[in-house]
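turn this into a model:
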Amino acid sequence: MSSLRRTDLLSLAHLRNDGRKPKEIRRMKIQMGPVDPTNATGSALVQMGLTTVLASVRGPIECARRSDELPDRAILDVTVRATPFAPSGDRRPTNFNTDRRLVEQSNLIKRALEASVLLRLYPRSRVEVTIAVLADDGGRLCAAVNAATLALVDAGVPMRDMVCACSAGVAAGGGPDGSDVEIVDLNRLEMTGGGGGGGGGGGVYLPCAAMPQRGTVVLAQCESRLPVETFEKVLVAAMDGCNAVFEVMQSSVRERAATLLAARNGNATVAVD
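I've put the predicted structure just below:
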(Lines give C-alpha, C1' and ligand atoms only; values in the text may rest on other atoms or scores of the structure.)
Protein backbone atom coordinates (compact mmCIF):
# COMPACT_ATOMS: atom_id res chain seq x y z
CA MET A 1 0.00 0.00 0.00
CA SER A 2 1.54 3.25 -1.12
CA SER A 3 1.57 6.11 1.32
CA LEU A 4 -0.01 9.42 0.31
CA ARG A 5 1.84 12.67 0.75
CA ARG A 6 0.31 15.47 2.79
CA THR A 7 -0.15 17.60 -0.32
CA ASP A 8 -2.03 14.74 -1.99
CA LEU A 9 -4.40 14.43 0.96
CA LEU A 10 -5.02 18.18 0.98
CA SER A 11 -5.64 18.13 -2.75
CA LEU A 12 -8.16 15.31 -2.44
CA ALA A 13 -9.98 17.22 0.31
CA HIS A 14 -9.84 20.46 -1.76
CA LEU A 15 -7.93 22.22 1.03
CA ARG A 16 -5.03 24.65 0.86
CA ASN A 17 -1.42 23.91 1.77
CA ASP A 18 -2.00 24.78 5.45
CA GLY A 19 -5.30 22.91 5.74
CA ARG A 20 -7.60 25.92 5.37
CA LYS A 21 -10.71 26.16 3.24
CA PRO A 22 -10.65 28.61 0.30
CA LYS A 23 -12.59 31.36 2.14
CA GLU A 24 -10.95 30.80 5.55
CA ILE A 25 -8.51 33.33 7.01
CA ARG A 26 -5.46 32.41 9.03
CA ARG A 27 -5.66 32.31 12.81
CA MET A 28 -5.42 35.81 14.26
CA LYS A 29 -3.96 36.72 17.64
CA ILE A 30 -4.24 40.29 18.88
CA GLN A 31 -2.65 41.95 21.87
CA MET A 32 -3.50 45.59 22.49
CA GLY A 33 -1.23 47.81 24.55
CA PRO A 34 1.96 45.69 24.59
CA VAL A 35 4.22 48.78 24.51
CA ASP A 36 4.81 50.84 27.66
CA PRO A 37 2.43 53.85 27.68
CA THR A 38 5.41 56.11 28.43
CA ASN A 39 6.85 55.26 25.00
CA ALA A 40 3.64 55.20 22.94
CA THR A 41 0.12 56.57 23.20
CA GLY A 42 -1.27 53.31 21.84
CA SER A 43 0.07 50.03 20.46
CA ALA A 44 -1.03 46.67 19.12
CA LEU A 45 0.59 43.34 18.26
CA VAL A 46 -1.13 41.38 15.48
CA GLN A 47 -0.39 37.84 14.36
CA MET A 48 -1.97 36.53 11.17
CA GLY A 49 -0.74 32.99 10.87
CA LEU A 50 3.04 33.19 11.02
CA THR A 51 3.13 36.89 10.11
CA THR A 52 3.67 39.14 13.14
CA VAL A 53 3.48 42.94 13.13
CA LEU A 54 3.85 45.45 15.98
CA ALA A 55 2.39 48.94 15.60
CA SER A 56 2.74 51.91 17.94
CA VAL A 57 1.17 55.38 17.84
CA ARG A 58 2.38 58.69 19.24
CA GLY A 59 0.06 61.64 19.14
CA PRO A 60 -1.54 63.89 18.49
CA ILE A 61 1.69 65.78 19.19
CA GLU A 62 3.23 69.04 18.03
CA CYS A 63 4.98 69.16 14.69
CA ALA A 64 8.75 69.32 14.84
CA ARG A 65 8.82 72.27 12.44
CA ARG A 66 6.34 75.09 11.96
CA SER A 67 6.52 74.60 8.20
CA ASP A 68 5.12 71.05 8.54
CA GLU A 69 1.90 72.21 10.18
CA LEU A 70 -1.41 72.29 8.33
CA PRO A 71 -3.95 74.87 9.50
CA ASP A 72 -7.03 72.70 8.96
CA ARG A 73 -5.96 69.17 9.91
CA ALA A 74 -3.29 66.99 11.46
CA ILE A 75 -0.48 65.23 9.63
CA LEU A 76 -0.37 61.44 9.62
CA ASP A 77 3.15 59.99 9.44
CA VAL A 78 3.46 56.25 8.77
CA THR A 79 6.78 54.41 8.90
CA VAL A 80 7.16 50.70 8.13
CA ARG A 81 10.26 48.88 9.27
CA ALA A 82 11.28 45.25 8.81
CA THR A 83 13.56 43.44 11.22
CA PRO A 84 16.49 41.56 9.64
CA PHE A 85 15.07 38.24 10.85
CA ALA A 86 11.53 38.90 9.53
CA PRO A 87 11.78 37.52 5.96
CA SER A 88 12.44 33.84 5.42
CA GLY A 89 14.84 34.40 2.51
CA ASP A 90 16.95 37.52 2.15
CA ARG A 91 17.97 38.68 5.63
CA ARG A 92 20.12 41.64 4.71
CA PRO A 93 19.42 44.75 6.80
CA THR A 94 17.26 47.33 5.03
CA ASN A 95 16.98 51.08 5.43
CA PHE A 96 13.31 51.98 5.85
CA ASN A 97 14.02 55.44 4.40
CA THR A 98 15.40 54.15 1.10
CA ASP A 99 13.96 50.64 0.66
CA ARG A 100 11.43 50.94 -2.16
CA ARG A 101 9.06 48.29 -0.89
CA LEU A 102 8.91 49.69 2.64
CA VAL A 103 8.41 53.25 1.39
CA GLU A 104 5.63 52.12 -0.95
CA GLN A 105 3.87 50.18 1.80
CA SER A 106 4.17 53.16 4.15
CA ASN A 107 2.45 55.37 1.58
CA LEU A 108 -0.30 52.80 0.95
CA ILE A 109 -1.02 52.41 4.66
CA LYS A 110 -1.02 56.19 5.11
CA ARG A 111 -3.58 56.67 2.34
CA ALA A 112 -5.77 53.89 3.74
CA LEU A 113 -5.73 55.29 7.28
CA GLU A 114 -6.30 58.89 6.16
CA ALA A 115 -9.67 57.79 4.78
CA SER A 116 -10.80 56.85 8.30
CA VAL A 117 -8.90 58.98 10.84
CA LEU A 118 -10.61 62.28 11.69
CA LEU A 119 -7.52 64.42 11.21
CA ARG A 120 -9.51 67.68 11.06
CA LEU A 121 -10.13 67.46 14.81
CA TYR A 122 -6.44 68.11 15.49
CA PRO A 123 -5.20 70.99 13.32
CA ARG A 124 -1.52 71.95 13.42
CA SER A 125 -0.52 68.64 14.99
CA ARG A 126 0.92 65.30 13.99
CA VAL A 127 0.12 61.62 14.54
CA GLU A 128 3.02 59.19 14.22
CA VAL A 129 2.41 55.53 13.36
CA THR A 130 5.43 53.22 13.51
CA ILE A 131 5.05 49.65 12.23
CA ALA A 132 7.64 46.92 12.78
CA VAL A 133 7.40 43.66 10.84
CA LEU A 134 8.69 40.96 13.20
CA ALA A 135 7.89 37.90 11.08
CA ASP A 136 6.86 37.75 7.44
CA ASP A 137 5.04 34.72 6.05
CA GLY A 138 3.04 36.65 3.48
CA GLY A 139 0.41 39.34 3.82
CA ARG A 140 2.53 41.76 5.82
CA LEU A 141 0.79 44.77 4.24
CA CYS A 142 -2.61 43.56 5.45
CA ALA A 143 -1.26 42.69 8.90
CA ALA A 144 0.37 46.13 9.11
CA VAL A 145 -2.91 47.88 8.28
CA ASN A 146 -4.76 45.88 10.93
CA ALA A 147 -2.08 46.51 13.55
CA ALA A 148 -2.00 50.24 12.79
CA THR A 149 -5.79 50.48 13.08
CA LEU A 150 -5.82 48.74 16.46
CA ALA A 151 -2.96 50.92 17.70
CA LEU A 152 -4.93 54.05 16.73
CA VAL A 153 -7.97 52.68 18.56
CA ASP A 154 -5.81 51.95 21.61
CA ALA A 155 -4.46 55.51 21.45
CA GLY A 156 -7.98 56.94 21.43
CA VAL A 157 -7.63 58.61 18.02
CA PRO A 158 -11.15 59.16 16.59
CA MET A 159 -11.94 57.24 13.40
CA ARG A 160 -14.94 56.92 11.10
CA ASP A 161 -14.59 53.13 11.07
CA MET A 162 -11.93 50.52 11.64
CA VAL A 163 -9.80 49.83 8.59
CA CYS A 164 -9.53 46.06 8.13
CA ALA A 165 -7.33 44.43 5.52
CA CYS A 166 -7.16 40.99 3.93
CA SER A 167 -5.73 39.62 0.71
CA ALA A 168 -7.34 37.44 -1.94
CA GLY A 169 -6.21 35.45 -4.93
CA VAL A 170 -7.13 32.65 -7.31
CA ALA A 171 -6.29 28.99 -6.70
CA ALA A 172 -5.72 27.28 -10.03
CA GLY A 173 -7.67 24.02 -10.08
CA GLY A 174 -8.68 24.36 -6.43
CA GLY A 175 -12.39 23.72 -6.99
CA PRO A 176 -14.13 20.33 -6.60
CA ASP A 177 -14.47 20.07 -10.38
CA GLY A 178 -10.94 21.26 -11.08
CA SER A 179 -11.98 24.84 -11.77
CA ASP A 180 -10.30 27.94 -10.40
CA VAL A 181 -11.54 29.16 -7.02
CA GLU A 182 -11.03 32.38 -5.07
CA ILE A 183 -9.01 32.15 -1.83
CA VAL A 184 -8.47 34.69 0.94
CA ASP A 185 -5.57 35.61 3.23
CA LEU A 186 -2.72 34.18 1.17
CA ASN A 187 0.48 33.04 2.87
CA ARG A 188 3.96 33.32 1.37
CA LEU A 189 3.83 29.94 -0.37
CA GLU A 190 0.51 30.78 -1.99
CA MET A 191 1.73 34.23 -3.04
CA THR A 192 4.62 32.64 -4.95
CA GLY A 193 2.25 30.20 -6.68
CA GLY A 194 3.66 27.07 -5.03
CA GLY A 195 0.85 26.35 -2.60
CA GLY A 196 0.26 22.75 -3.49
CA GLY A 197 -2.95 20.98 -2.51
CA GLY A 198 -4.87 23.25 -4.86
CA GLY A 199 -3.80 26.26 -2.85
CA GLY A 200 -1.47 28.09 -5.21
CA GLY A 201 -2.18 31.75 -5.73
CA GLY A 202 -2.29 31.38 -9.53
CA GLY A 203 -0.22 34.56 -9.92
CA VAL A 204 -3.09 36.73 -8.61
CA TYR A 205 -2.56 38.65 -5.38
CA LEU A 206 -4.95 41.41 -4.31
CA PRO A 207 -4.40 43.04 -0.91
CA CYS A 208 -7.51 44.94 0.07
CA ALA A 209 -8.36 47.29 2.94
CA ALA A 210 -11.90 48.39 3.68
CA MET A 211 -14.16 50.00 6.25
CA PRO A 212 -16.61 47.09 6.73
CA GLN A 213 -19.35 48.97 8.55
CA ARG A 214 -19.48 51.52 5.73
CA GLY A 215 -18.84 49.06 2.92
CA THR A 216 -16.07 51.28 1.55
CA VAL A 217 -12.86 50.05 -0.07
CA VAL A 218 -9.91 52.28 0.82
CA LEU A 219 -7.09 50.18 -0.65
CA ALA A 220 -6.96 47.62 -3.46
CA GLN A 221 -3.77 46.82 -5.31
CA CYS A 222 -3.34 44.16 -7.99
CA GLU A 223 -0.36 43.92 -10.34
CA SER A 224 -1.83 41.14 -12.51
CA ARG A 225 -3.89 41.56 -15.65
CA LEU A 226 -7.31 40.09 -15.03
CA PRO A 227 -10.65 40.01 -16.81
CA VAL A 228 -13.20 42.28 -15.19
CA GLU A 229 -15.32 39.31 -14.09
CA THR A 230 -12.37 37.63 -12.37
CA PHE A 231 -11.31 40.86 -10.67
CA GLU A 232 -14.83 41.39 -9.31
CA LYS A 233 -14.90 37.86 -7.88
CA VAL A 234 -11.48 38.30 -6.23
CA LEU A 235 -12.51 41.69 -4.82
CA VAL A 236 -15.70 40.19 -3.34
CA ALA A 237 -13.61 37.43 -1.75
CA ALA A 238 -11.23 40.03 -0.31
CA MET A 239 -14.18 41.95 1.14
CA ASP A 240 -15.45 38.76 2.76
CA GLY A 241 -12.00 38.32 4.28
CA CYS A 242 -12.05 41.91 5.56
CA ASN A 243 -15.40 41.25 7.23
CA ALA A 244 -13.98 38.14 8.92
CA VAL A 245 -10.97 40.13 10.12
CA PHE A 246 -13.30 42.87 11.39
CA GLU A 247 -15.12 40.38 13.62
CA VAL A 248 -11.84 39.36 15.27
CA MET A 249 -10.66 42.96 15.66
CA GLN A 250 -13.98 44.11 17.05
CA SER A 251 -13.94 41.34 19.65
CA SER A 252 -10.39 42.30 20.68
CA VAL A 253 -11.33 45.99 21.03
CA ARG A 254 -14.34 45.14 23.19
CA GLU A 255 -12.20 42.90 25.38
CA ARG A 256 -9.62 45.67 25.76
CA ALA A 257 -12.33 48.21 26.65
CA ALA A 258 -13.82 45.86 29.25
CA THR A 259 -10.38 45.35 30.82
CA LEU A 260 -9.71 49.10 31.03
CA LEU A 261 -13.16 49.75 32.48
CA ALA A 262 -12.66 47.06 35.11
CA ALA A 263 -9.27 48.55 36.02
CA ARG A 264 -10.84 51.99 36.34
CA ASN A 265 -13.48 50.62 38.69
CA GLY A 266 -10.86 48.79 40.76
CA ASN A 267 -11.98 45.31 39.66
CA ALA A 268 -9.01 44.41 37.49
CA THR A 269 -7.26 41.09 37.93
CA VAL A 270 -3.57 40.49 37.26
CA ALA A 271 -2.58 37.14 35.77
CA VAL A 272 0.69 35.80 37.16
CA ASP A 273 2.45 33.12 35.13
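
CA only for contacts and neighbour counts going forward, please
OK.

and the longest helix along the chain, how far out from the chain's middle?
Looking across the chain with DSSP state H, the single longest helix is helix 228-264. Taking the mean of its C-alpha atoms, helix 228-264 sits 10 Å from the chain's own mean (C-alpha atoms, centre = their mean, to the nearest Å).

buried set for that helix?
For helix 228-264, a neighbour-count test (16 or more other C-alpha atoms under 10 Å) marks 231, 233-235, 237-246, 249, 252-253, 256 as buried.

where exactly do the helices run in this structure?
Under DSSP H, the chain gives helices at 6-12, 100-114, 140-155, 188-191, 228-264.

what ranges in the protein fall below the confidence cut-off?
1-14, 87-98, 173-178, 193-202, 268-273 (pLDDT under 70).

quick one: the strands in it?
28-32, 42-48, 51-62, 75-82, 125-135, 164-171, 181-184, 205-211, 216-220 (DSSP state E).

for Val117, find the nearest of those.
Closest to Val117 of the strands of the chain is strand 75-82 (C-alpha to C-alpha; 9.0 Å).

pairing partners for the closest one, with directions?
Take DSSP bridges as the rule and strand 75-82 pairs in its sheet with strand 125-135 (parallel).

distance from the strand it pairs with to the middle of the chain?
13 Å.

just want the angle from it to helix 100-114.
130 degrees (axes from the mean of the first three to the mean of the last three C-alpha atoms, to 10 degrees).

what comes up buried for strand 125-135?
Ser125, Arg126, Val127, Glu128, Val129, Thr130, Ile131, Ala132, Val133, Leu134, Ala135.

let me know the closest of these to Arg27.
Nearest to Arg27 among those is Ala135, at 14.8 Å by C-alpha to C-alpha.

partners of Val129 in the sheet?
Counting by DSSP bridges, Val129 forms beta bridges with Val57, Val78.

and it, how far is that from Glu223?
As judged by C-alpha to C-alpha, to the nearest Å, Val129 and Glu223 stand 27 Å apart.

one step back: for the longest helix of the chain, packing partners?
The contact analysis (3 or more C-alpha pairs under 8 Å, 6 or more residues apart in numbering; DSSP states H and E) places helix 228-264 against strand 28-32, helix 140-155, strand 164-171, strand 181-184, strand 205-211.

what's in contact with stretch 211-226?
108, 111-112, 115-116, 161-164, 203-210, 239, 242-243, 246 (C-alpha atoms under 8 Å, 6 or more residues apart in numbering).
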